[in-house]
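S.K.: coordinates only, sequence not included:
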Ligand SMILES: [Cu+2]
């Protein structure tokens, strides 16, 4: 009898764990290279600002990495690792030109940080080197992923529920679609320029 109860507890606990969270995975096609997939704002849910400060490096006359995705409220550090001065500016956030900003120009080994509170894509540029560019995608939730070069992505630890997932790709029209997460869930996107 005692053994049966233990088995019952184990089964119920197991079911609860399986049903409470999963992953969203799939492929972003129609475009070449890395894309970003994230969950849109969830009504009634707020998320504490992350304490980690991701770094976007300027190294070898390139922004590295080229694509970064963070949760809204994240402070991003911009580092210059080159022996020439670099600048960092963006013309808009999520298409809103009022949120354009110039962080300034600074020499090797120095960095400046900025807290990105508004969700949306941020085209990052350097006014010293017009060929330099990067993208920062500010997601409204902690549920996001950068795909591999083939477009495969996986968002981990998503609580079961109904969401809107958004796929973003540099120079393409973003696509959003409803995703109902129940354990491991698939969501594919096809983007076009
Ligand atoms: Cu530069």
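M.R.: Thanks, I have it. For clarity, every value in this text was computed on a predicted model and none was experimentally measured.
S.K.: in which helix or strand would I find residue 156?
M.R.: Residue 156 belongs to strand 152-159 when assigned by DSSP states H and E.
S.K.: Let me know the next secondary structure element after that strand.
M.R.: strand 161-168.
S.K.: List of residues touching that next one?
M.R.: Contacts to strand 161-168, defined as CB atoms under 8 Å, 6 or more residues apart in numbering, come from residues 24, 28, 35-40, 42, 121, 137, 143, 174-181, 187, 189, 191. To be clear about C-beta, it is placed using only N, CA and C from the backbone, and glycine gets the same treatment.
S.K.: Kindly report the same for stretch 41-49.
M.R.: 71-74, 115, 119, 140-142, 161, 163.
S.K.: give me every residue that touches the residue nearest the centre of the chain.
M.R.: Residue closest to the average C-alpha location in the chain (CA atoms, centre = their mean): residue 69, at 2.9 Å. Contact analysis of residue 69 by CB under 8 Å, 6+ apart lists 36, 38, 136-139, 144-146.
S.K.: can you redo the residues you listed as CSV with secondary structure?
M.R.: Compiled in CSV, the contacts of residue 69 are given as follows (DSSP: H, G, I helix; E, B strand; the rest coil):
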residue, secondary structure
36, strand
38, strand
136, strand
137, strand
138, strand
139, strand
144, strand
145, strand
146, strand
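S.K.: which one is residue 79 nearest to, not counting chain neighbours?
M.R.: Residue nearest to residue 79 in three dimensions, not counting chain neighbours: residue 111, with 4.1 Å by CB to CB, 6 or more residues apart in numbering.
S.K.: repeat for residue 174
M.R.: Closest to residue 174 by CB to CB, 6+ apart is residue 168, at 4.9 Å.
S.K.: ends of stretch 50-66, how far apart?
M.R.: Criterion CA to CA, to the nearest Å; first-to-last residue distance in stretch 50-66 is 21 Å.
S.K.: Just the buried residues of it, please?
M.R.: 56-58, 62-63, 65 (16 or more other CB atoms under 10 Å).
S.K.: ok, of the residues you listed, which one's closest to the ion?
M.R.: Distance to the ion across these (CB to the ion) is lowest for residue 58, with 5.9 Å.
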